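here's my sequence, what's the structure:
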Amino acid sequence: QLQLAESGGGLVQAGGSLRLSCVVSGPAFSTSSMGWYRQAPGKEREPVARISWNGITTYLAESVEGRFTISRDNTKNMVYLQMISLKPEDTAIYYCNAPGLVTRGGSWGRGTQVTVSS
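Numbers count the residues shown, from 1 in each chain. Okay, the predicted model is just below:
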């Protein structure tokens with residue numbers, strides 16, 4: 001299991017930027033793919049970005065491609081999501097987690113709220 005703590009959210013105008021951080025505790029972090037997910041009001045949680053254990057391979061959802069960048073620092077047990085050109089539809093609670101644990105019903109952190117005003 002991993003313990004996850006997200007931070008860096010806030011209120012920003014459309015077109016603005018935010019950088020989300022996630023500190024991860026647990027021995028499996030450095031060998032696990034990690035991802036960012038988001039849940040907008042009234043909607044199901046959806047994957048946004050994913051990064052391989054070594055940071056070499058990344059995946060971005062089509063809705064955020066070209067605007068979001070996922071990265072990680074295994075020496076600091078951190079995962080990041082750099083977001084630029086934010087849109088009102090990016091408003092959601094953002095969570096990080098390991099995709100492998102998500103499919104097995106793993107627990108989630110509290111997330112961090114991102115609100116983009118038009």
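
following element in sequence after the helix-or-strand element of the chain with minimal mean pLDDT, please.
Counting by mean pLDDT, DSSP states H and E, the chain has its least confident helix or strand at helix 99-102, which shows a mean of 90. The element immediately downstream of helix 99-102 (helix or strand, assigned by DSSP states H and E) is strand 112-117.

give me the sheet partners of that next one and which way each runs.
Its sheet considered, strand 112-117 pairs with strand 10-13 (parallel), strand 92-97 (antiparallel) by DSSP bridges.

how far off centre is it?
Distance of strand 112-117 from the chain centroid (C-alpha atoms, centre = their mean, to the nearest Å) equals 13 Å.

please apply the same query to stretch 73-93.
On the basis of C-alpha atoms, centre = their mean, stretch 73-93 is displaced by 5 Å from the centre of the chain it belongs to.

start to end distance for that stretch?
End-to-end distance of stretch 73-93 (C-alpha to C-alpha, to the nearest Å): 22 Å.

could you give the angle of the longest strand along the chain to strand 112-117?
For the chain, the longest strand by residue count, based on DSSP state E, is strand 18-25. Angle, strand 18-25 to strand 112-117, by axes from the mean of the first three to the mean of the last three C-alpha atoms, to 10 degrees: 170 degrees.

quick check, pLDDT for the closest residue to Gln3 other than its chain neighbours.
Spatial nearest neighbour of Gln3, excluding adjacent residues (C-beta to C-beta, 6 or more residues apart in numbering): Ser25 at 4.0 Å. (Each C-beta comes from the backbone N, C-alpha and C, glycine too.) Ser25 is assigned 95 on the pLDDT scale.

what's the answer for Ala28, then?
Taking Ala28 on its own, its pLDDT is 87.

doesn't Ala98 make contact with it?
Yes. Counting by C-beta atoms under 8 Å, Ala28 touches Ala98, with 7.2 Å between them.

that older thread, list the neighbouring strands of the longest strand of the chain plus their orientation.
Here strand 18-25 has these sheet partners by DSSP bridges: strand 3-7 (antiparallel), strand 78-83 (antiparallel).

name the residues of the last one that are buried.
For strand 78-83, a neighbour-count test (16 or more other C-beta atoms under 10 Å) marks 78-81, 83 as buried.
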